[in-house]
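**Student:** Sequence first, predicted coordinates after that:
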Amino acid sequence: MNKYLKIQLSILILFACSLGSSQIKMFKNVVRPSKGLAVTYPAKQISISIGKNVNEVYQFISTPENMPRWAAGLSQAELVKSGDDWIADSPMGKVKVRFVEKNKFGVVDHDVILPSGEVNHNPLRVVKNADGSEVIFTLYRRPKMSDADFENDARAVTKDLQKLKQILEK
């Protein structure tokens, strides 16, 4: 390796190290951290303000039977309880949805288990916003997902939250 190339490589390594591992985006939309740290995906928080009491919004969102009313991916489905899971027919086929237990913190996280066995974790929160509520969904950009697909997913989540707001503010 010639001296000039070694210098360029050294500068590149120093620059990368100065960014910190959480800033170095690598192949397939995955952050490859330093040894010993977990892999993370890029994420986007999508939120909407709802003019209803936080407890009322939480009770509605945390009731799985209500999800098909506002979540388009399950809009044609009936959620059926099966043990700790809820089973639904979706555009992707039969999916399992597993919710966290009801809690006093406004957490409505749920995992969607696809027919392939792939698990998509969906963080969902309801927090107080003055006299009303803020509903916050975290959307992860999964490996191999294109920019266009990620933006389409973000638009779909936004529409779902708008539908939720419309239902609750009637």
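**Tutor:** Everything's here; your move. Numbers count the residues shown, from 1 in each chain.
**Student:** For the protein, which residues score under the pLDDT cut-off?
**Tutor:** By pLDDT under 70, the weakly predicted segments of the chain are 1-34.
**Student:** at 50 instead, please
**Tutor:** Within the chain, the stretches with pLDDT under 50 are 1-27.
**Student:** can you give me the strands for it?
**Tutor:** Assigned strands in the chain, in chain order: 25-26, 30-31, 43-50, 80-82, 85-90, 93-99, 110-113, 119-122, 124-129, 132-140 (criterion: DSSP state E).
**Student:** Tell me which of those approaches I167 most closely.
**Tutor:** Closest to I167 of the strands of the chain, according to CB to CB: strand 43-50, at 9.6 Å. No exception for glycine: its C-beta is placed from N, CA and C like everyone else's.
**Student:** now what about that closest one, what contacts it?
**Tutor:** 57, 129, 132-141, 150, 154, 157-158, 161-162, 164-165, 168-169 (CB atoms under 8 Å, 6 or more residues apart in numbering).
**Student:** Give me the ChimeraX select line for these, limited to the buried ones.
**Tutor:** Burial among the contacts of strand 43-50 is assessed by 16 or more other CB atoms under 10 Å; the matching ChimeraX selection reads:
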select :57,129,132,133,134,135,136,137,138,139,140,141,150,157,161,164,165,168
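**Student:** tell me the contacts of the residue at minimal distance from the centre of the chain?
**Tutor:** Closest residue to the average C-alpha location of the chain: L139 at 2.9 Å, with CA atoms, centre = their mean. Counting by CB under 8 Å, 6+ apart, L139 makes contact with A43, K44, Q45, I46, F150, D153, A154, V157.
**Student:** separation between it and P123?
**Tutor:** Going from L139 to P123 by CB to CB, to the nearest Å gives 9 Å.
**Student:** Quickly list what the residue nearest to the centre of the chain is bridged to.
**Tutor:** K44 (DSSP bridges).
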